[in-house]
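Could you look at this predicted model? Sequence included:
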Amino acid sequence: MGVSGEKIWVDGGFVDWADAKVHLLTHTLHYGLGVFEGIRCYRTDDGRSAVFRLSEHIRRLFDSARINLLEIPFSREEIEEATLETMRRNHLEEGYMRPLVFIGDGEMGLNPGGNAIRVAIMAWAWGAYLGEESMERGIRAKVSTFSRHYVNAKMTKGKTCGDYVNSILAKREALLDGYDEAIMLDTQGLVSEASGENIFLVRDGVLRTPPLHTVLDGITRDTVCELAADKGIRVEERSLTRDDLYIADEIFLTGTAAEVTPVREVDHRMVGDGRRGPVTRLLQEAFFSVAAGRDPKYQRWLRYL
């Protein structure tokens, strides 16, 4: 089922969902240079709705734009407020928001010239990215034949539209081979991330995740690292090899869409007991507790509608 909604914010104002259209010569459509964010809003226990870590997401959007030489024609404050208002205009208590910065039509070729830099913000209802049952049962993953972007081939700190061709190829390969998700290695053969998620493993009670030089600086990744430290779990950012995955006690993926999703199998090798492990469950519960507004220490991460 496709996504749908009522209103989309485009270049400073709202238009009906069906009227949010672009020209076929839109530069980003042809060449992939654009940036975006994925943001979630949760219904909290007191009945209100709160956007999770909105400021951090919008900061990363502007960082991504700077990396790619895109000048966003709005301030960070304007984009934050427009994101909140998009949720309100679509009458959503919970949902997913997608700010998108793209190059409009005009010049063609690799130099976009003076084409306008345009901004749109969409919102829709979106459940668990990898399936509701996966949040407890876990998913099956395979190590992809496609390598993740190398830092000097394509800068990895930006959330750039065209980068996701790499992710799509890996994801489709995994699905065609009967798996749920792909785990990608960098060009040195070290574990990088999944097609759209950061990766963590647990070994002897220690939480490990690849360093940032070949992975996106995920906001859910950062959240989990802080929550783990608060729970007294040692967190290590270190290089991980493929066989580290095979002997891990637990593995899970993090991302705004995927939230905290356990992995029960990698390349036909069962992870731990083949189900969600205790550390994964603890961090998963802690994450959703924060998102629901139950932990006063982390109220700073919630922006109420």
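Now that the structure is in, tell me what you want to look at.

Relative to Glu78, how far out is Arg148?
33 Å (CB to CB, to the nearest Å). Backbone N, C-alpha and C define where each C-beta goes, glycine included.

If you count surrounding residues, which of these two has more?
Higher neighbour count among Arg148 and Glu78: Arg148, with 28 against 14, using other CB atoms under 10 Å.

Excluding chain neighbours, what is closest to that one?
Ser192 (3.8 Å; CB to CB, 6 or more residues apart in numbering).

Please, which helix or strand holds the one you found?
Element membership for Ser192 (DSSP states H and E) is strand 191-194.

What helices and strands are in contact with that strand?
Where contact means 3 or more CB pairs under 8 Å, 6 or more residues apart in numbering; DSSP states H and E, strand 191-194 is packed against strand 181-185, helix 242-246.

any idea how far that strand is from the chain center?
Mean-position distance between strand 191-194 and its chain equals 13 Å (CA atoms, centre = their mean, to the nearest Å).

Equivalent analysis for stretch 15-34, please.
On the basis of CA atoms, centre = their mean, stretch 15-34 sits 22 Å off its chain's mean C-alpha point.

First-to-last residue distance for it?
End-to-end distance of stretch 15-34 (CA to CA, to the nearest Å): 21 Å.

tell me the phi and psi of the residue nearest to Val151 when sequence neighbours are not counted?
Using CB to CB, 6+ apart and skipping residues adjacent in sequence, the residue nearest Val151 is His213, 5.6 Å away. Dihedral angles of His213 (phi, psi; degrees, to the nearest 10) stand at phi -70, psi -20.

and if you look at the one 4 residues further on?
Torsion angles at Asp217 (phi, psi; degrees, to the nearest 10) stand at phi -80, psi 80.

which residues touch it?
Contacts here follow CB atoms under 8 Å, 6 or more residues apart in numbering; on that basis Asp217 touches 60, 157.

how does it look with 7 Å?
Shown in contact with Asp217 (CB atoms under 7 Å, 6 or more residues apart in numbering): Lys157.

In a strand, Ile8, correct?
Yes. Per DSSP: H, G, I helix; E, B strand; the rest coil, Ile8 lies within a strand segment.

quick one: pLDDT of Met1?
Looking at Met1, its pLDDT stands at 56.

next one: His149
Turning to His149, the model gives it a pLDDT of 86.

from memory it sits against Met155, does it?
No. Assessed by CB atoms under 7 Å, His149 is found out of contact with Met155, at 8.3 Å.

In terms of neighbours, single out the busier of the two.
More crowded of His149 and Met155, by other CB under 10 Å: His149, with 20 against 14.

tell me the SS of the more buried one?
Under three-state DSSP, His149 comes out as coil.

list the contacts for it?
By CB under 7 Å, 6+ apart, the contact set of His149 is 156, 163, 166.

Check for me that Glu226 belongs to a helix.
Yes. Assessed with three-state DSSP, Glu226 lies in a helix.

can you pull the contacts of it?
Glu226 makes contact with no residue, according to CB under 7 Å, 6+ apart.

switch to 10 Å and redo it
By CB atoms under 10 Å, 6 or more residues apart in numbering, Glu226 lies in contact with 235, 286, 290, 297-298, 301.

Give me the buried entries from those residues.
Burial of those was assessed by neighbour count (16 or more other CB atoms under 10 Å); the buried members are 286, 290, 298, 301.

Can you list the buried residues in the helix or strand bottoming out on mean pLDDT in the chain?
Every helix and strand of the chain was ranked by mean pLDDT, DSSP states H and E. The lowest is helix 134-137, at a mean of 88. Using 16+ other CB under 10 Å as the test for burial, helix 134-137 gives 134-135.
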